[in-house]
Each structure stands twice: as structure tokens, then as C-alpha cells.
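1. Predicted coordinates and the sequence they were generated for:
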Amino acid sequence: MPAEPDHDDHDGHDHGGHGHGHVHPVNFDPTAAEPDPFDAAPEGGRACRIGIGGPVGSGKTALTAALCRTLGEELNLAVVTNDIYTTEDADYLRKAGVLDPSRIEAVQTGACPHTAIRDDITANLDAVDELEERFPGLDLVIIESGGDNLTAVFSRGLVDSQVFVVDVAGGDKVPRKGGPGVTTADLLVINKIDIAHLVGADMDVMTSDAHRMRGELPVITQSLVDTPGAPAVSDWVRSLLPITTA
Amino acid sequence: MSMTDSTEPVPVRSGAVSLILADSRFPGGGHVHSGGLEEAVERGLIHGTADLRPFLAGRLRATGELTAVFAAAAAHAAARGVTRRHWAVLDSEFDARTPSAAQREASRAQGRGTARAASAGWPSPVLRELLAETPRPHHPVILGVITGMSGGRPVDAASTAAYLAVSGPASAAVRLLGLDPLAVNGIVANLSRALDDVAGRAAAVAGDDPRDLPAPGAPALDLLAEAQLRHHKEEVRLFAS
Ligand SMILES: Nc1nc2c(ncn2[C@@H]2O[C@H](COP(=O)(O)OP(=O)(O)OP(=O)(O)O)[C@@H](O)[C@H]2O)c(=O)[nH]1
Ligand SMILES: [Mg+2]
């Protein structure tokens, strides 16, 4: 899919001329898609896959963009998005210019974002396979889930590690509500701490609840406004690489 | 029951396999396909359960009938044993009966997803041969192969394929329109007799030369599939097909 032109000042719904210049023709040519050229990717070292999940609007795409910006120079990386509005997150990332657009794949989730990352990961595995074929030697694939609820976690069949992103605006009760996202994710990020005072969120309560719910598992508090490069999460990602496959 | 008594007929062992393949929890990627339903909803053709009934009945008689035929044929072939080349022939015959490129892609996407699950669930030489010949097999073909190599009959594979042709859009309708799931299930249940008839007709031709298999179709579904893909590129679509 070609790169979006300069629509930085528009919101993600404005697709400008997208589509008019290259409308998909009604194609009745039975030879158009065949024979299928797909070959299974050779086994061997594969990319580390990191899932980024969390409730709607908590900052998953902003974190993904920050990681691309910070790690894009040192790592061969690609992104899969699962927005319910199929291309919204992908379009944002493409327009943000943090990554070559061909390194971003958007998958459809059939109106069930948690199903696509947990119960039936087929579409996501296909997207990862496609990226690995397109960019041999990928170090890292970041998979952003659609915004979902506190129980939505990634299947271990899809990702090696996962980050759960919550924000202060959801209320300082969120960490103590728990749920698999908060309690089991490999990393919990409490985002938007720059606006904690505006929404009356008590950071001490949030972090102590988070640690109480998670035991030894790490918690990072951050503001992507104050630290746009997400340095702490980037360091955590670096610590995971390279993965060793059995 | 003695397994060594060679006079015993080979037991049909597909019961559980058919249930697994037809289960919406089967992780083969089916949940992101609506079989044209999302496009029909977007166009205002389907509002409620009253419109859903004829859509599903029509889809059963077109896509359901075709996929049942190829699932039955693949099950028959897997059970009798065929050369690798046969899978390529079946594959291209299904292509030839599926004029919409979007539908061919949707079928291959689900076929590949099912193949991935099958490789983990039912590894076998037949499956490996099929995938060596067609790495992204059409959905009904892989359904048939799994059923056939598990001791299932062509009619079992056909039932599974026909059922999936209506259960996918039925589930999509519940998700997209918030329809009463009990009412929608009632519609599917009412199609039981029609499903059996489709499966029976498919089984009757399962051993035919692939080139002679029936070619049922519905141009409206072909066009809805193409439109879905086009609109996905222009605006929001939640389903891949
Ligand atoms: N103040 C502040 N705003 C932030 C921060 N991080 C993200 N945002 C803003 O929060 C809004 C939502 O961020 P996204 O990254 O789109 O959130 P998301 O989790 O990807 O959202 P969905 O994909 O829709 O679930 C955007 O307007 C961001 O600019 C932060 O640290 N501080
Ligand atoms: Mg997002």
C-alpha cells in the first residue's frame, strides 16, 4: 500500500484522495491471484515479538511511535496494528513518519480485538509472517492491540513479551482493579503522568497498587509529552533482545 | 472393540474432528470473515433477523454448496490416496469456480489459518503433501483433507464446510448489528435440513473428476466481496471479507 501523502494536519479519518487514483477494480480474472506464490519462510532466527495492549486511548500508538523513533535506528523493526478502525493506528504511524510505511501492517479483527490477539491469532501471525518475508533479518516486531478492556492480553503463541499500557486519566483505581492485563503483563506502563494532577490521580496510590498487584513484575510510569522517546520502555525492550529460540 | 480384527469395517472417526473444525473457537482465522455480510449491512441491505434469513439461505446455496462440494471431494481424495498433483488440480478447479479475487483471497487466508492449526493439531504425511503443493490451500480443500485423513466421510467434510458458510456471517451479524443471538441461532437451526441436503448432494459427486464438479455461485456475493475489499481501502471495514 502506498505511503499516505502529507496529511499531518488532518485527523486520521481524512484519507484525502486515497482510493480514487487506485481503486481496486472488480476483478473476475481467475488467474489474477494464482498460482499462489507463497513459500513458507525459512526457519531460523526470528524477530522478537512484543505486544502492546491496554484500554482505548491509553497511549499504545503513541508508545509504539516513540519506540520506533528511539529504536528504529539501531534495530530492524516492523509494526502490526489491530485497530478496530482498521487503518487508524497504521495511518497515524505512517503519517508520523517514524517508520517506512511498508514496515507497518494493519489487520482486521472482526469487531473483536481481544479475539485477534488472544483466542485466534491467525491474522496477526499472517501479518508477522508477511513482514518477516518482506524484511529478512527483522530484530523486532511490535504488535499493537486494538483498545480493549482490562482482561485483554496477548497469547503467548503470538508474542514473546507484552506491555500493558494504562493511563492516569482512566482513574487511579485502575491498577487495583487488576485483571490479567495489569497483573500478568511482562511490563505495566502507567502513561500520561504529566496530566495526573489535572484528573486528580494520585500517583503514589497508582504505583503502590500496581506493585502490590504485580509482585516482582516491573512497572514504568511515564509521560510521552515530557519524554517523547520513551527512554525507560526502550531500555526494557533492549533488554529482551535478541531472543533465543529453542 | 478389537483394533486387530481386519474383518471389522473401518470405524468413522471424524465425529470429533468435524466438531472441532466447525467450532467458532477453532483458531483458523474465521472470525475476521463475514462472507459479504458486512458489505451488505453497510449498504443497508440487512437491518435485522428478517433480512438475515434470506441472506444466509442464499449464501448456503451458493458459497455453501460450492465449498461443500470441494470439501467432500478433498475428503474423498485424502481417504482414497492421490498423487500430489491432484491437490494442485483441485486448487485450480476451485479458483475457476470463484470469480471474485477477493473471495479467492478470503478462502486462501482461512485455508492457510486452518492449515497452521492443522499442522499443530493433526500432523500427517497427507497434510504435508497438500501444503507442499499448495502452501495456502483453499479453505474447503484443507477442511476436506483433515476430515478425510481422520477417517471422516465426504459428507462430514461437506457438512462442516456448508455450516461454516452460514455460521460465519451469522456470527458477524450478531457483532455488527447487535442482533439477538438466540434469534440468529434460530435461523441457523432452521437451515439444518437445507444444510444436510447440501452436504448430501456434495457427497454424491465427491469421487468425480475435479473438472466435472458442480460450479454453483451467486454473482451478488462475488460483487459484495469485491466491494468490501475496495471499501476497506477507502473507509472502515471491521472484517477481512
Ligand atoms: N498528555 C499526554 N497525552 C498523551 C500521552 N501519551 C499519549 N497521549 C495522547 O493520548 C491520546 C491517545 O493516544 P494514542 O496513542 O492514540 O492511544 P491508543 O492507546 O493507541 O488509543 P487506541 O488505539 O484508540 O486504543 C492522543 O491524543 C495522544 O497524543 C502522554 O504521555 N501525555
Ligand atoms: Mg492506538
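-> Right, received. Where do you want to start? Ligands and ions are numbered 1, 2, ... in the order given.

2. list the buried ones in the strand or helix carrying residue A:132?
-> For residue A:132, the element it lies in under DSSP states H and E is helix A:122-134. Neighbour-count burial for helix A:122-134 flags A:122, A:123, A:124, A:125, A:126, A:127, A:128, A:129, A:131, A:132 (criterion: 16 or more other C-beta atoms under 10 Å in any protein chain shown). C-beta here means a position set from N, CA and C on the backbone, and glycine is covered the same way.

3. Just give me the neighbour total for the residue nearest to residue A:183 when sequence neighbours are not counted.
-> Spatial nearest neighbour of residue A:183, excluding adjacent residues (C-beta to C-beta, 6 or more residues apart in numbering or on different chains): residue A:213 at 5.2 Å. Summarising burial for residue A:213: neighbours were counted as other C-beta atoms under 10 Å in any protein chain shown, giving 18.

4. ok, residue A:213 - contacts?
-> By C-beta atoms under 8 Å, 6 or more residues apart in numbering or on different chains, the residues touching residue A:213 are A:175, A:176, A:178, A:182, A:183.

5. Among those, which ones are in helices?
-> Cross-referencing the contacts of residue A:213 with the helices (criterion: DSSP state H) gives A:175, A:176, A:182, A:183 as the overlap.

6. Nearest to ligand 1 among those?
-> Ranked by distance to ligand 1 (C-beta to the nearest ligand atom), the ones in helices among the contacts of residue A:213 are led by residue A:182 at 15.1 Å.

7. just checking, that closest one touches residue A:211?
-> No: counting by C-beta atoms under 8 Å, residue A:182 does not reach residue A:211; the two are 11.1 Å apart.

8. hmm, back to that, ok, the residue nearest to residue A:183 to residue A:148 distance?
-> In this view, residue A:213 and residue A:148 are 18 Å apart by C-beta to C-beta, to the nearest Å.

9. May I ask you to name the longest helix in chain B?
-> The single longest helix within chain B, with elements called by DSSP H, is helix B:154-177.

10. Run through the neighbouring helices and strands of the following helix or strand past that helix.
-> Reading on from helix B:154-177 to the C-terminus, the next helix or strand found by DSSP H and E is helix B:181-190. With contacts defined as 3 or more C-beta pairs under 8 Å, 6 or more residues apart in numbering or on different chains; DSSP states H and E, the secondary structure elements packing on helix B:181-190 are helix B:49-59, helix B:154-177.

11. So which residue is dead centre in chain A?
-> Centroid-nearest residue in chain A, with C-alpha atoms, centre = their mean: residue A:144, separated by 1.8 Å.

12. so that one makes contact with residue A:90?
-> No: with contact defined as C-beta under 8 Å, residue A:144 and residue A:90 do not form a contacting pair (9.1 Å).

13. Show me what residue of chain A gets nearest to ligand 2.
-> Per C-beta to the ion, the residue of chain A with the smallest distance to ligand 2 is residue A:61, at 3.3 Å.

14. Pretty sure residue A:154 sits against residue A:163.
-> No: contact between residue A:154 and residue A:163 fails when scored by C-beta under 8 Å: they sit 9.5 Å apart.

15. Identify the contacts common to those two.
-> A shared contact of residue A:154 and residue A:163, defined by C-beta under 8 Å, 6+ apart, is any residue touching both; here these are A:51, A:53.

16. related to what we said a few turns ago, which SS state does the residue of chain A closest to ligand 2 fall under?
-> Secondary structure assignment for residue A:61 (DSSP: H, G, I helix; E, B strand; the rest coil): helix.

17. Check the one 4 residues further on too.
-> Here residue A:65 is recorded as helix under three-state DSSP.

18. What is the burial count for it?
-> Neighbours of residue A:65 under the rule other C-beta under 10 Å: 24.

19. swap in residue A:216?
-> Residues contacting residue A:216 under the criterion other C-beta under 10 Å number 5.

20. one step back: find residues that contact each of residue A:144 and residue A:90.
-> A:79, A:81, A:83.

21. Any quick PyMOL command for the buried ones out of those residues?
-> Those of the shared contacts of residue A:144 and residue A:90 that count as buried under 16+ other C-beta under 10 Å are selected in PyMOL with:
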select buried, chain A and resi 79+81+83
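
22. Please name whichever of the helices and strands packed on helix B:181-190 is nearest to chain A.
-> For the helices and strands packed on helix B:181-190, distance to chain A was read as C-beta to the nearest C-beta. The smallest value, 4.4 Å, belongs to helix B:154-177.

23. From the contact counts, what lies against that closest one?
-> For helix B:154-177, the contact count by 3+ C-beta pairs under 8 Å, 6+ apart identifies helix B:14-22, helix B:37-42, helix B:49-59, helix B:65-80, helix B:139-149, helix B:181-190, helix B:192-204 as packing neighbours.

24. Report the separation between the residue in chain A that ligand 1 sits nearest to and residue A:172.
-> Proximity of chain A to ligand 1 (C-beta to the nearest ligand atom) peaks at residue A:147, 2.4 Å away. In this structure, residue A:147 and residue A:172 are 20 Å apart, going by C-beta to C-beta.

25. Kindly report the same for residue A:48.
-> The spacing between residue A:48 and residue A:172, counted by C-beta to C-beta, is 32 Å.

26. Same question for residue A:203.
-> 8 Å.

27. Neighbour count for the two, which is higher?
-> A count of neighbours by other C-beta under 10 Å puts residue A:172 above the other of residue A:203 and residue A:172, at 19 against 14.
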